[in-house]
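A.B. asks: Next one to model:
(2 chains)
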Amino acid sequence: GENVEQHPSTLSVQEGDSAVIKCTYSDSASNYFPWYKQELGKGPQLIIDIRSNVGEKKDQRIAVTLNKTAKHFSLHITETQPEDSAVYFCAPGGGYNKLIFGAGTRLAVHP
Amino acid sequence: DTEVTQTPKHLVMGMTNKKSLKCEQHMGHRAMYWYKQKAKKPPELMFVYSYEKLSINESVPSRFSPECPNSSLLNLHLHALQPEDSALYLCASSQASQTHSGNTIYFGEGSWLTVV
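C.D. replies: Just a heads-up that it's a prediction; the model follows:
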């Protein structure tokens, strides 16, 4: 089965700094790579995703990069803001949308 | 705002009770999911329904019984639960395809369950 590792487990940055979270997976058949943001008391919200035929995708301050050879993908947040504070999960998936979530990264952005 | 609606938001039940969690989506999605999330842990898949049929059961104990009455609704029936079943139960939905691969999954806000 899929083995997913996410680093770091906690990340503290100053407002305006960049944040990078890395996800490593084991299943070479994985072909869908989403990142979810979960705020306290809420369900996970998709913030960006990428498919295996693309190496990078950007949406305003958020970007995801994929290295299929090395089996890892990363979330990049630039110009962080306090409202970016949340837990972020990677969830590489393959057939039947069977997402396997990483352990999560708790991001704290300090004003 | 999420378009997957879950009720109730909070539920407290005794170990001998029977209760149900409900989920509804109106995005025309034909795949629906139940996930369980313990505190400070990632969501874990429980069940997947595709075109109203159960396609994946991740070896979930029979005290959890899913039901998909139609393409917009998903229920989770609870009976004889244990205190360790206390968790956030998340419903999700997505487009369905033959391989169900790479379809964006949208989550509801979850139902907080406490078993006493």
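A.B. asks: what residues are up against residue 35?
C.D. replies: You didn't say which chain, so I picked chain A. Neighbouring residues of residue A:35 by CB atoms under 8 Å, 6 or more residues apart in numbering or on different chains: A:21, A:46, A:47, A:48, A:49, A:62, A:64, A:75, A:88, A:89, A:90, A:91. C-betas here are computed from N, CA, C, even on glycine.
A.B. asks: that's the wrong chain, I meant chain B
C.D. replies: B:43, B:44, B:45, B:46, B:89, B:90, B:91, B:92, B:107.
A.B. asks: Assumed the fourth one was part of a strand.
C.D. replies: Read that as residue B:46. Yes - according to DSSP: H, G, I helix; E, B strand; the rest coil, residue B:46 belongs to a strand.
A.B. asks: Any figure for the gap between it and residue B:91?
C.D. replies: In this view, residue B:46 and residue B:91 are 10 Å apart by CB to CB, to the nearest Å.
A.B. asks: which intervals of the chain have sub-threshold pLDDT?
C.D. replies: Went with chain A since none was named. Applying pLDDT under 70 to chain A picks out residues A:1, A:94-97.
A.B. asks: should've been chain B
C.D. replies: In chain B (pLDDT under 70), the answer is B:1-2, B:97-102.
A.B. asks: now the strands for it?
C.D. replies: Secondary structure of chain B, counting by DSSP state E: strands at B:4-7, B:10-13, B:18-25, B:31-37, B:44-50, B:53-57, B:64-70, B:73-79, B:87-94, B:106-107, B:111-115.
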